[in-house]
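**Q** Sequence first, then the predicted structure, then my questions.
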Amino acid sequence: MEVERVQAIASLSAAANDIPAEFVRPEHEQPGFTTYRGPAPEIPVVDLAGEADRGALATRVAAAAREWGIFQVVNHGIPAEVVRELQRVGKAFFELPPEEKEKYASKPGSTEGYGTKLQKDLEGKKAWVDFLFHNIWPPATINYAFWPKIPPEYRKANEEYRKYLGILVKKILIMLSKGLGLEDHVLMQSVGGQNLEYLLKINYYPPCPRPDLALGVVSHTDMSAITILVPNDVPGLQVFKDDQWFDVKHIPNAIIVHIGDQIEILSNGFYKSVLHRTTVNKEKARMSWPVFCSPPPEMEIGPLPQLVSDETPTKYKTKMYKDYAYCKLNKLPQ
């Protein structure tokens, strides 16, 4: 059965200056009603090169992870040209003819591939986004059948980005460990060490005639350990805090770090998995490149024993990551 992609629907909708009913969110989700319009607090920005005291830097990262569950990092060590090339080849893929993109269409039972809808919406609504998923680490998880062959530089750009990304992820997990009063290696080891899996998603949000009514991605927390996100310059990420939806300010060359469910569980709730969503733009396509850094499927995740006591009893069950993911994707009780 042929799947209708949002990119194609957007072209028809632009001419009609309207969107199909299945993309109109319920009023309590519509950005036009629910986005905070007053002076908004800005999510924390951490300069990884601007603090000589590593302990003070870890304290800042930990505070951001505890209070917000999200922060932006600058001077993160990933060269600007590496990020630009990642963005260029991803954008080039979504500019290909439909028949070329469909060669990478996701298969039933697989998270990888080109697609339009990931989860079932209980109200039958759809999100205004197309996407491409594929694993980029470790080597044993990579299936190059889902890596576009056009443009020809696609593989090199993604492999180069992954190399620098691995260094950044390790730095962040070390700082989060320090923030819990643990040894540097504890969190990294607890989410899989060198077997931590990196799943890249490219989100493509076409221009939308009614951005006040639609969402690119509905509100959710990431089931990863952490998510590292590169946006383009079109705003759209929103964070829920203090019972309000706030826009995340775009900072050129910054990378956004989300705390995911697995770090919240391991920290026994000390760190918070961020509730977020994505809005869309009337004039421009928004794109983002999140990498979900998640434990291997068979790894057991639960509150770290060092963080559990009579005063801080365990708040979460211990289970294999694959079981957690299955329950979350299928909206089952955890």
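**A** Yep, that arrived.

**Q** what residues does the helix-or-strand element of the chain with minimal mean pLDDT touch?
**A** None of the helices or strands of the chain scores lower by mean pLDDT, DSSP states H and E than helix 6-16, at a mean of 85. For helix 6-16, the surrounding residues in contact (Cβ atoms under 8 Å, 6 or more residues apart in numbering) are 19-20, 23, 94, 98, 116, 126-130, 204, 206-209. In short, each C-beta sits where N, CA and C put it, glycine included.

**Q** Can you tell me which of those has the most neighbours?
**A** Among the contacts of helix 6-16, the one with the most neighbours (other Cβ atoms under 10 Å) is Trp128, at 28 neighbours.

**Q** Is that one in a helix, a strand, or coil?
**A** The local conformation at Trp128, judged by DSSP: H, G, I helix; E, B strand; the rest coil, is coil.

**Q** helices or strands up against the longest helix out of those in the chain?
**A** Looking across the chain with DSSP state H, the single longest helix is helix 154-179. In terms of contacts (3 or more Cβ pairs under 8 Å, 6 or more residues apart in numbering; DSSP states H and E), helix 154-179 is packed against helix 54-67, helix 80-94, strand 130-137, helix 186-190, strand 197-205, strand 226-231.

**Q** what angle separates that helix from strand 226-231?
**A** 130 degrees (axes from the mean of the first three to the mean of the last three Cα atoms, to 10 degrees).

**Q** Would you mark the buried spots in helix 154-179?
**A** Of all the residues in helix 154-179, those buried under the rule 16 or more other Cβ atoms under 10 Å are 154, 157-158, 160-162, 165-166, 168-179.

**Q** about what we covered before: tell me the buried residues in the least confident helix or strand of the chain?
**A** 6-7, 9-10, 13.

**Q** What separation is there between Val291 and Asn75?
**A** As judged by Cβ to Cβ, to the nearest Å, Val291 and Asn75 stand 19 Å apart.

**Q** what's the answer for Pro206, then?
**A** 33 Å.

**Q** Pro303 too?
**A** Pro303 is 33 Å from Asn75, by Cβ to Cβ.

**Q** which one of the two has more residues nearby?
**A** Under the neighbour definition other Cβ under 10 Å, Pro303 and Asn75 were set side by side, and Pro303 has more, 21 against 13.

**Q** Give me the angle between the least confident helix or strand of the chain and strand 197-205.
**A** Using the same axes, to 10 degrees: helix 6-16 against strand 197-205 is 20 degrees.

**Q** List the buried residues in whichever helix or strand comes after helix 6-16.
**A** Using DSSP states H and E, the helix or strand that directly follows helix 6-16 along the chain is helix 31-34. In terms of neighbour count (16+ other Cβ under 10 Å), helix 31-34 has its buried residues at 31, 34.

**Q** With stretch 100-107 instead?
**A** 101, 104, 106.

**Q** Looking at the residues you listed, which one is closest to Lys284?
**A** Lys101 (20.0 Å; Cβ to Cβ).

**Q** so what's Glu123 scoring on pLDDT?
**A** If you check Glu123, the pLDDT there is 69.

**Q** Can I get the least confident helix or strand of the chain in CSV, CA atoms only?
**A** Output in CSV follows, covering the C-alpha atoms of helix 6-16 (Å, rounded to 0.1, in the frame of the first residue of the first chain):
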residue,chain,number,x,y,z
VAL,A,6,3.7,14.8,4.5
GLN,A,7,6.1,16.5,2.0
ALA,A,8,3.6,15.8,-0.8
ILE,A,9,0.6,16.7,1.3
ALA,A,10,2.3,20.0,2.1
SER,A,11,2.5,21.0,-1.5
LEU,A,12,-1.3,20.5,-2.0
SER,A,13,-2.1,22.2,1.3
ALA,A,14,-0.1,25.3,0.4
ALA,A,15,-2.3,25.8,-2.7
ALA,A,16,-5.4,25.5,-0.6
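
**Q** quick revisit: want to try CSV for the buried residues of helix 6-16, with distance to Pro139 as columns?
**A** As requested, the buried residues of helix 6-16 are exported to CSV (distance: Cβ to Cβ, whole Å):
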residue, distance to Pro139
Val6, 32
Gln7, 31
Ile9, 37
Ala10, 36
Ser13, 41
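
**Q** now for those residues, which pair is the farthest apart?
**A** Going by Cβ to Cβ, the pair spanning these furthest: Gln7 and Ser13, at 10.8 Å.

**Q** just checking, Ser219 touches Phe240?
**A** Yes: counting by Cβ atoms under 8 Å, Ser219 sits close enough to Phe240 to count as a contact (6.6 Å).

**Q** Between these two, which contacts overlap?
**A** 275-277.

**Q** Any chance of CSV for those residues, columns secondary structure, pLDDT and neighbour count?
**A** Formatted as CSV, the shared contacts of Ser219 and Phe240 follow (DSSP: H, G, I helix; E, B strand; the rest coil; pLDDT from 0 to 100; neighbours: other Cβ atoms under 10 Å):
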residue, secondary structure, pLDDT, neighbour count
Leu275, coil, 98, 16
His276, strand, 98, 24
Arg277, strand, 97, 21
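
**Q** can you list those residues in JSON lines and add distance to Val83?
**A** Converted to JSON lines, these look like this (distance: Cβ to Cβ, whole Å):
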{"residue": "Leu275", "distance to Val83": "26"}
{"residue": "His276", "distance to Val83": "21"}
{"residue": "Arg277", "distance to Val83": "24"}
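
**Q** If anything else comes up later, I'll come back, but that's it for now.
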